[in-house]
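In: Next one to model:
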Amino acid sequence: MINSLMLLAFEANGVIALRMMKLMRGGRIARREAELMVSEKIRAASEASASLMAGASGDEIIRQYRRHVAANAKRLGRLNSGRSRKRALRRTQSRRK
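Out: This next block holds a predicted model:
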């Protein structure tokens with residue numbers, strides 16, 4: 001269980017960094033990310049509470065949290081808006097010229 005907790009802490013730290021970068025950009029995207037972050041936390045806490053009441057072990061609950069963290073890392077780690085992709089492509093093309 002200690003290993004799982006350490007891995008969760010390490011992985012969550014990466015998600016926090018990615019999320020902070022997104023929030024610092026400001027605008028609509030940051031507002032949407034903040035709303036999503038709060039709703040995800042509420043959902044994860046509810047899921048963990050339900051699992052505890054159903055008799056799940058600590059390891060199972062940590063595993064659930066790690067799945068959520070991995071999904072967030074994947075989502076935050078990619079360019080997920082069309083405008084961002086276009087901007088990145090333009091920058092790449094202008095550097096080649």
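In: Check which element follows the helix or strand harbouring Glu11 along the chain.
Out: Secondary structure from DSSP states H and E places Glu11 in helix 2-25. Downstream of helix 2-25, the first helix or strand assigned by DSSP H and E is helix 27-53.
In: Buried residues of stretch 28-41, list them for me.
Out: Of the residues in stretch 28-41, those buried by neighbour count under the rule 16 or more other CB atoms under 10 Å are 33, 37. To be clear about C-beta, it is placed using only N, CA and C from the backbone, and glycine gets the same treatment.
In: Where does the prediction get shaky in this structure?
Out: 79-97 (pLDDT under 70).
In: other SSEs contacting the helix holding Glu11?
Out: Here helix 2-25 touches helix 27-53, helix 58-77, going by 3 or more CB pairs under 8 Å, 6 or more residues apart in numbering; DSSP states H and E.
In: which residues touch the closest residue to Ser51 other than its chain neighbours?
Out: Leaving out its chain neighbours, the residue that sits closest to Ser51 by CB to CB, 6 or more residues apart in numbering is Ile61, at 5.4 Å. By CB atoms under 8 Å, 6 or more residues apart in numbering, the contact set of Ile61 is 48, 51-52.
In: how close does Ile61 get to Ser39?
Out: The gap separating Ile61 from Ser39 is 19 Å, by CB to CB, to the nearest Å.
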